[in-house]
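Peer 1: Following is a predicted model, sequence given first.
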Amino acid sequence: MPRLNHGTLLENLAVLEVTRVLTANPEATVEFACSFAMPPLTQCWHRTQREPVNNPKFNAAVMANLLNGNFAVGASTSYMALLYGCIANAPNLPVVPYARNDATKFCEFGGPNGALLAGLLTRQQGQNLRIWSNDLGDDQGRYRSVLAIDATSECPRTTEYAATLLPGIGPVPEINSFCGQEFPDSVATMALWRGRCAVRIGFLDPDAYVGPTVSREGQIGSVAHCQWLTNVHCDSEITTGIMFFANRDARRRPALIAAFHDDARDDYPDSVVFCHGNYMVGVKLRCNDSARIRCIIDSVRGAWMLWSEMVGRDVGGLSWDVK
């Protein structure tokens with residue numbers, strides 16, 4: 001959860017609520033595979049001085065109010081409670097700083113990536129989570145420190161972070177798998193890692209999704225997206241493919257949403273794209289119960305409303321497109 005804006009709020013809620021819906025069975029074996037992963041805890045920041053005003057539901061002031069106890073966080077597995085635990089960071093886990101020069105406001109605290117959110121939830125549910133993370137390290141990573149702390153060093157510790165933030169719950173976790181290859185070359189490594197499981201969650205968080213357009217560095221096009229989707233579902237009873245994307249051109253967003261729905265459609269018959277302004281989070285689902293897509297929509301919508309009410313903002317603004 002690095003950049004503080006409504007897109008980050010939307011993707012975090014989607015990842016957490018999809019995980020909640022699909023891992024409701026405490027006996028389920030669960031895997032989480034993520035590319036463009038970032039370290040488990042990364043520095044929160046705003047890109048411009050206007051960004052906090054444009055994102056009133058999710059900005060530095062909101063994080064400060066949460067940290068200072070001005071909001072009721074609700075149940076221990078709510079997004080609010082899990083986020084509070086991460087930004088409070090009582091065990092003083094490493095928060096990897098943002099290393100680029102295109103941000104104007106940095107925060108002293110850090111927020112979780114998608115894999116850590118899933119790890120915190122499944123740990124409280126009594127499940128062991130196998131994690132595969134993929135990101136660039138060293139001077140290529142956008143989150144890194146002079147102490148050689150980056151995705152390479154910290155992603156293998158994701159479930160350790162979850163255990164440290166939730167002491168006294170569950171066994172000592174194993175080291176998580178990490179791949180430093182560029183995406184989509186890394187997909188072959190993910191395929192070697194995956195095992196048989198009841199639920200596998202795949203999460204992509206690129207700079208941009210460009211659909212059928214030729215992609216550039218940090219972007220994902222339909223070809224690479226389909227390559228990921230068709231590999232991530234093997235040997236899993238239920239599989240979801242989640243991807244965050246954003247586009248400021250309102251005329252182009254419908255075409256991107258349609259492209260997302262069309263990608264690997266034969267393998268994933270159900271899909272939904274959640275939308276808020278420029279921001280979109282697509283969820284593709286492969287399982288034997290098509291009603292689960294409605295459960296996911298209801299769960300994300302409910303979480304969005306709870307967060308909006310907590311920060312005293314209008315609960316509207318969220319829409320979704322279902323195929």
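Peer 2: Structure's in. What do you need?

Peer 1: For this protein, which segments count as strands?
Peer 2: In the chain, strands defined by DSSP state E lie at 30-35, 41-46, 105-112, 129-134, 177-179, 197-204, 208-211, 219-221, 236-246, 270-276, 279-286, 319-322, listed in chain order.

Peer 1: Nearest to residue 3 among those strands would be which one?
Peer 2: Residue 3 lies closest to strand 41-46 among the strands of the chain, at 6.1 Å (CB to CB). Every C-beta, even on glycine, is put in place using the N, C-alpha and C of the backbone.

Peer 1: pLDDT below threshold where in this protein?
Peer 2: For the chain, the stretches with pLDDT under 70 are 1.

Peer 1: so where's the longest helix in it?
Peer 2: As assigned by DSSP state H, the longest helix anywhere in the chain is helix 292-310.

Peer 1: Now that one: buried residues?
Peer 2: 292-293, 295-297, 299-301, 303-304, 306-308, 310 (16 or more other CB atoms under 10 Å).

Peer 1: Throw these into JSON lines and include distance to residue 89, thanks.
Peer 2: What follows is the buried residues of helix 292-310, written out as JSON lines (distance: CB to CB, whole Å):
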{"residue": "292", "distance to residue 89": "34"}
{"residue": "293", "distance to residue 89": "35"}
{"residue": "295", "distance to residue 89": "32"}
{"residue": "296", "distance to residue 89": "30"}
{"residue": "297", "distance to residue 89": "32"}
{"residue": "299", "distance to residue 89": "27"}
{"residue": "300", "distance to residue 89": "26"}
{"residue": "301", "distance to residue 89": "30"}
{"residue": "303", "distance to residue 89": "22"}
{"residue": "304", "distance to residue 89": "25"}
{"residue": "306", "distance to residue 89": "23"}
{"residue": "307", "distance to residue 89": "20"}
{"residue": "308", "distance to residue 89": "25"}
{"residue": "310", "distance to residue 89": "20"}
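
Peer 1: now, among those, which is nearest to residue 104?
Peer 2: Proximity of those to residue 104 (CB to CB) peaks at residue 307, which lies at 24.8 Å.

Peer 1: from memory that closest one sits against residue 9, does it?
Peer 2: Yes: taking contacts as CB atoms under 8 Å, residue 307 lies within contact range of residue 9: 6.8 Å.

Peer 1: Give the residues shared as contacts by the two.
Peer 2: With contacts taken as CB atoms under 8 Å, 6 or more residues apart in numbering, residue 307 and residue 9 have residue 57 as neighbours in common.

Peer 1: Give me the phi and psi angles of residue 47.
Peer 2: Main-chain dihedrals, residue 47, degrees, to the nearest 10: phi -80, psi -40.

Peer 1: Pull the contacting residues for the residue most central in space within the chain.
Peer 2: Centre of the chain computed as the mean C-alpha position; nearest residue by CA atoms, centre = their mean is residue 114, 3.2 Å away. Contacts were defined as CB under 8 Å, 6+ apart; by that measure residue 114 touches 11, 12, 15, 32, 34, 37, 203, 205, 242.

Peer 1: Can you tell me what sits against the longest helix of the chain?
Peer 2: Applying CB under 8 Å, 6+ apart, the external contacts of helix 292-310 come out as 9-10, 13-14, 16-18, 20-22, 57, 71-72, 74, 78-80, 238, 270-272, 274, 283, 285, 314-315, 317-318, 320, 322.

Peer 1: circling back to that earlier point, can you put the strands of the chain in JSON lines and add distance to residue 264 and mean neighbour count?
Peer 2: Below are these laid out as JSON lines (distance: least, CB to CB, whole Å; neighbours: other CB atoms under 10 Å):
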{"stretch": "strand 30-35", "distance to residue 264": "15", "mean neighbour count": "26"}
{"stretch": "strand 41-46", "distance to residue 264": "30", "mean neighbour count": "23"}
{"stretch": "strand 105-112", "distance to residue 264": "28", "mean neighbour count": "19"}
{"stretch": "strand 129-134", "distance to residue 264": "19", "mean neighbour count": "26"}
{"stretch": "strand 177-179", "distance to residue 264": "21", "mean neighbour count": "22"}
{"stretch": "strand 197-204", "distance to residue 264": "11", "mean neighbour count": "24"}
{"stretch": "strand 208-211", "distance to residue 264": "13", "mean neighbour count": "21"}
{"stretch": "strand 219-221", "distance to residue 264": "13", "mean neighbour count": "21"}
{"stretch": "strand 236-246", "distance to residue 264": "8", "mean neighbour count": "24"}
{"stretch": "strand 270-276", "distance to residue 264": "9", "mean neighbour count": "22"}
{"stretch": "strand 279-286", "distance to residue 264": "7", "mean neighbour count": "25"}
{"stretch": "strand 319-322", "distance to residue 264": "17", "mean neighbour count": "14"}
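
Peer 1: Okay then, goodbye and thanks.
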